[in-house]
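**Q** Whatever this is, show me its structure:
(chains A and B)
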Amino acid sequence: MAEVKLLGAWGSPFSRRVEMALKLKGVEYEYIEEDLGNKSPLLLKYNPIHKKVPVLLHNGKPIAESLVILEYIDETWKTNPILPDDPYDKAMARFWAKFLDDTCMPAIWQIMWSKENQREKAIEEAIQHLKTLENELKDKRFFGGETIGLVDIAANFIGFWLGAVQEASGMELVNKERFPVLCRWIDEYVNCSVVKQNLPPRDKLIAFLQSRFSASSWKY
Amino acid sequence: MATVFTAEPKAFPKQAAKEKSPAPTSRLDGIVEESLSFTLAEELFVTSTVAVTLLDTRVSPFGMRVRIALEQKGAKYEFSEQDLRNKGPILLEMNPVYKKVPVLIHNGKPICESLIAVQYIDEVWNNKSPLLPSDPYQRAQSRFWADFVDNKVYFPGRKTWTKKGQELEAGKNGLIESLKLLEGELGDKPYFEGDKLGYVDVALIPFYSWFHGYETFGNFSIEAECPKLIAWCKRCIQNESVSKSLPDPQEVYVFFMELRKKLGLE
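**A** The predicted structure follows:
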């Protein structure tokens, strides 16, 4: 009997990505909540390199890094594939997932942690990247087409966390006027059942973000 | 100071001036060139012999990865050296998001980001020299370590020749720490994935051509800190696909010097 465990954190979009994929494929798993301020021996044992969540354990063998885990899940459990078969389409999906992690998300966080005089530049950069993302979406229902795929799962930060960040900080980056297509996708996305089940409680997330922002004396 | 590398340049045979293999004007050219027989399994391979172009620069370690992968697969391709200070229209059209090299162009369609291109090559030219393991768990480990190289080798390494003082030291320490972790992962195996050159080897070996530069400007010896890794490097360049794809370390050194002058470090 295959045994699947997930070391995660309730508020982490990376952790929730993995849960989304497991639920989408109907994989039963045991969830273990990690206190990131006090990392468990289990986490340090199974992810000694980065010491981060999520870590998937399959039959006792660990896999770390959420995008690596997502591909592993897709290759191991074949129901509801999240990557296309065609090598070119697959390469494109990987490209956009990486774009989200390497470029889009860091630019958004940069706004929150930048000094006031650099904030406008940081906002402009984030807007540019979100526009690039929106152009990729075009008139597709999801990045993955008719059903959610790797990129949609990877974009959970945009789909949900960003809204919470905006509410917690008072900074508005994404709205219907500026990003009509992206907002349409966000609505579709958060109402998708597998997504809905794998989001943290919004109020709890906002409260958590608010305390982090006030600790860093964020002012907007 | 850089006596550590005096014997090395022999290891990278001087490449003959890269001859441009003409992009086949029709499928027929590719077929005649490759003299293939048509079985169903090879149909994909036939398609893949049609025009492959790589927008790249000789000294880019990311570009080297793609070159090694193509060479491992015996895939003919046209190498197109890019001027990154004056980016051409093709590069800007093929990689509008990042405007960087390498860009693999296959049948007119661009694939950007070196590790994504390497995986694409592995999947399309799937009839020889597999780079990724077939087992999903092993594949996940390979992807993890290749990602590690991207984040934990390139960035600290860069500091050793573009920074000074504390930042340089931080870069040096970060690089050595990462290389030691990679050494640990390699263990006693000849290559990261076992007996043959594989995905993680391809991800990491290009940086060997940058070590001389790191060591010279960072004032340290990588071999002294990571002898097993250097042994692995020397093993890798015994593979023709690697020795053909890596530039002479001297060429990289010159590139570093030019950039350092621009940064006001020389």
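
**Q** Residue 128: which element?
**A** Defaulting to chain A. Of the helices and strands defined by DSSP states H and E, A:Q128 is found in helix A:116-137.

**Q** tell me which residues of that helix are tucked away?
**A** A:R119, A:A122, A:I123, A:E125, A:A126, A:I127, A:H129, A:L130, A:L133, A:E134, A:E136, A:L137 (16 or more other CB atoms under 10 Å in any protein chain shown). C-beta coordinates here come from the backbone N, C-alpha and C atoms, glycine included.

**Q** contacting residues for the second one?
**A** A:A122 makes contact with A:A107, A:Q110, A:I111, A:S114 under the criterion CB atoms under 8 Å, 6 or more residues apart in numbering or on different chains.

**Q** which parts of the stretch 51-200 of chain B sit against chain A?
**A** Counting by CB under 8 Å from any CB of the partner chain, the positions of the stretch 51-200 of chain B adjacent to chain A are B:97, B:106, B:109, B:111-113, B:116-117, B:119-120, B:123-124, B:136-137, B:139-141, B:143-144, B:147-148, B:181.

**Q** quick one on the thing from earlier: could you save the buried residues of helix A:116-137 as CSV and add columns showing pLDDT and distance to B:G194?
**A** Shown next, in CSV, are the buried residues of helix A:116-137 (pLDDT from 0 to 100; distance: CB to CB, whole Å):
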residue, pLDDT, distance to B:G194
A:R119, 89, 50
A:A122, 93, 45
A:I123, 94, 48
A:E125, 95, 43
A:A126, 96, 43
A:I127, 96, 46
A:H129, 97, 39
A:L130, 97, 42
A:L133, 97, 39
A:E134, 96, 43
A:E136, 96, 37
A:L137, 95, 41
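
**Q** out of the residues you listed, who's nearest A:L100?
**A** A:L133 (7.4 Å; CB to CB).

**Q** can I assume that closest one is in contact with A:T103?
**A** No - between A:L133 and A:T103 there is no contact under CB atoms under 8 Å: 9.4 Å.

**Q** the helices in chain A, which residues?
**A** When assigned using DSSP state H, the helices of chain A occupy the ranges A:13-24, A:41-46, A:66-76, A:87-99, A:105-113, A:116-137, A:150-154, A:156, A:162-169, A:180-190, A:193-196, A:202-215.

**Q** on that earlier part again, including pLDDT, could the contacts of A:A122 go into CSV?
**A** Converted to CSV, these look like this (pLDDT from 0 to 100):
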residue, pLDDT
A:A107, 95
A:Q110, 90
A:I111, 90
A:S114, 85
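
**Q** so which of those residues is the most crowded?
**A** Taking other CB atoms under 10 Å in any protein chain shown as the neighbour criterion, A:I111 ranks highest of those with 23 neighbours.

**Q** Which residue is the nearest non-sequential neighbour of that one?
**A** A:A122 (4.5 Å; CB to CB, 6 or more residues apart in numbering or on different chains).

**Q** Next one: that neighbour relative to chain B, how far apart?
**A** The gap separating A:A122 from chain B is 19 Å, by CB to the nearest CB, to the nearest Å.

**Q** likewise A:R16?
**A** 19 Å.

**Q** Can you tell me how far that residue is from A:K196?
**A** 12 Å (CB to CB, to the nearest Å).

**Q** Tell me which of these two has more neighbours.
**A** A:R16 (24 against 11).

**Q** Distance-wise, check that one relative to A:L173.
**A** In terms of CB to CB, A:R16 sits 20 Å off from A:L173.

**Q** thinking again about what came up before, quick check, nearest of the contacts of A:A122 to A:L42?
**A** Among the contacts of A:A122, and counting by CB to CB, the member closest to A:L42 is A:Q110, at 32.3 Å.

**Q** In space, what's closest to that closest one - neighbours in sequence excluded?
**A** A:A122 is the one closest to A:Q110 (CB to CB, 6+ apart), at 4.7 Å.

**Q** Double-check A:E33 against A:L6; I have them as touching.
**A** No - counting by CB under 8 Å, A:E33 does not reach A:L6; the two are 9.7 Å apart.

**Q** Look at the residue nearest to A:S12 when sequence neighbours are not counted and report its pLDDT.
**A** Counting by CB to CB, 6+ apart, A:S12 lies nearest to A:V53, which is 5.8 Å off, once chain neighbours are set aside. We note a pLDDT of 97 for A:V53 in this prediction.
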